[in-house]
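A.B. asks: Quick one, what's the 3D model for this:
(one chain, ligands or ions: 1)
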Amino acid sequence: MEHAQDETVPSFGSRTGACNFQPSAVNFCDDMGFPFKALVNGERSSVLTLARLTRTDPQPLLANLFVRQDRRTLRFRGNDLSPLARLHGVMQFCPSCLQEDMAAYDRRVHLAPYFRYVWSARPYMTCHRHSLPLHQTTVPRSDRGHDFHRQILPHLPNLQKLTEGSVHRPATDFEHYIYARMTKRGDQWIDTIGFTMAIRLCEILGSVASFGRWATHIEHTRNQWRTAGDAGYQIVRHGPDALQAFLSDLQTQEGRDSRDGARSDFGNFYLWLTETRDPDIEPIKDIVRQHLIDSTPVGPGDTILGRPVEKRIIHSIWTASKDVGLHPQTLRSYLATAGVVPADPSPFHNHVLFPLEPNAKLLDQLSRAMSLKSARTYINCERTVFPLLMKEGHVRPIVQGASINPIFDRV
Ligand SMILES: [Zn+2]
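C.D. replies: Modelled structure (predicted):
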């Protein structure tokens, strides 16, 4: 009995037990002096015992361990698999892969089929080698569900039928990614995100991209999740800039209701960001938060995704009017005259945006502005002399235009 290079350790233990005519992996491991559960939970000492007893190089076994971190999480080659990344009470396999296993054996061929580690990942739904949908079967939720040999035995006579009955479909880029990442982690941005979180990011973002902002996740079929996962991956694989570009698209799509802000712009994606408690989500939140600071009128005093905004980048007429202390309509007239905002009067004050930084000086002046009458008093000037001073450029209004009353700075 040889351990296959991409075989999980419980699968190897399961086949070894069967090879030794044991009724189950649980019985076999009990006889060897450790519980089968220890292999399922990736306990090193038991794996080393299994390696010694089977005269197997321990390194490939240790490399394929799913190590239990806590009640919810397993870790595989640096990738955390929380319950959302795994299957529960269900096992999936590629019938063609198992047929190949059997074809490679001369005798006792029923011992050949083994469980590939990538089949543990829920979003991996298509064999990338055979372009076949993985077949699913229910298994006990207990450790016996990991006794692959016992679980697969009833399906072995049907493998050919299962292969023939399946419609070929190429694995998606996302499915290729899942396999690649579990084999060897890459160095793209998405690889810096925790495994389960990267999967959910692709799926939730892709659900918004493919099925709309408020698609009901609970009603997504397996195939719809597969579509969503790949749609999200096509965005996220290109890094944070691509994610932000997608968010910008959502913010500018027709039919949006921007009065509700990010929540209604990003729909389920935003809801997911606010409701997920896993700390692995923080780097994603950071990107969305910065995107909102760069694109929406938020500033000190506002909170985005649980953190206060420290610096304002964008003003709306509305937020600027509060800062400057002018009526929004008045401020808007001045800003339109100065060319800061379009003259079109139809958008709401809170929809008319402009960057703070290049206009900071103007806003500062407007906050101190005086009317013509106050300016005259301020410089103690005769009513008749003031227009002369203006004409000769000794006093200049902050902004000048036919449709507005001139106002003046104090300096
Ligand atoms: Zn296959």
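
A.B. asks: quick one: the helices in the stretch 51-200 of the chain?
C.D. replies: For the stretch 51-200 of the chain, the helices defined by DSSP state H, counting those that start in this stretch occupy 58-63, 95-103, 148-152, 159-165, 173-183, 189-192, 195-211.

A.B. asks: Let me know which of these is the nearest to N20.
C.D. replies: N20 sits nearest to helix 148-152 of all the helices of the stretch 51-200 of the chain, at 11.4 Å, using CB to CB. Where C-beta positions appear, they are placed from N, C-alpha and C, glycine not excepted.

A.B. asks: Need the CA coordinates for stretch 159-171. CSV is fine.
C.D. replies: Below are the C-alpha coordinates for stretch 159-171, written out as CSV (Å, rounded to 0.1, in the frame of the first residue of the first chain):
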residue,chain,number,x,y,z
LEU,A,159,-17.8,4.7,-11.6
GLN,A,160,-18.1,4.1,-15.3
LYS,A,161,-21.8,5.0,-15.2
LEU,A,162,-21.1,8.1,-13.2
THR,A,163,-18.4,9.2,-15.6
GLU,A,164,-20.6,8.6,-18.6
GLY,A,165,-23.6,10.3,-17.0
SER,A,166,-21.8,13.5,-16.3
VAL,A,167,-21.7,16.5,-18.7
HIS,A,168,-18.1,17.6,-19.2
ARG,A,169,-17.3,21.1,-18.2
PRO,A,170,-13.9,22.7,-17.8
ALA,A,171,-13.0,23.7,-14.2
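
A.B. asks: Let me know whether it sits next to the ion.
C.D. replies: No: counting by CB under 5 Å from the ion, the ion has no neighbours in stretch 159-171; the shortest distance is 9.0 Å.

A.B. asks: for that stretch, which positions count as buried?
C.D. replies: 159, 162-163, 166, 171 (16 or more other CB atoms under 10 Å).

A.B. asks: could you measure P83 against the ion, distance?
C.D. replies: Separation of P83 from the ion (CB to the ion, to the nearest Å) stands at 25 Å.

A.B. asks: I'd guessed that residue sits against R72; true?
C.D. replies: Yes: here P83 reaches R72: they are 5.7 Å apart, a contact under CB atoms under 8 Å.

A.B. asks: which parts of this protein sit against the ion?
C.D. replies: Residues of the chain lying near the ion (CB under 5 Å from the ion): 94, 96-97, 127, 129-130.

A.B. asks: Would you mind listing which of those residues are buried?
C.D. replies: Applying 16+ other CB under 10 Å to the residues of the chain next to the ion flags 94, 96-97, 127, 130 as buried.

A.B. asks: Need the per-residue pLDDT for I404.
C.D. replies: I404 is assigned 70 on the pLDDT scale.

A.B. asks: Over to the one 3 residues further on?
C.D. replies: With respect to pLDDT, I407 has a value of 77.

A.B. asks: Reformat the buried ones among the residues of the chain next to the ion as TSV; add distance to T192 and pLDDT.
C.D. replies: Below are these laid out as TSV (distance: CB to CB, whole Å; pLDDT from 0 to 100):
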residue	distance to T192	pLDDT
C94	30	98
S96	34	98
C97	31	98
C127	28	98
H130	31	97
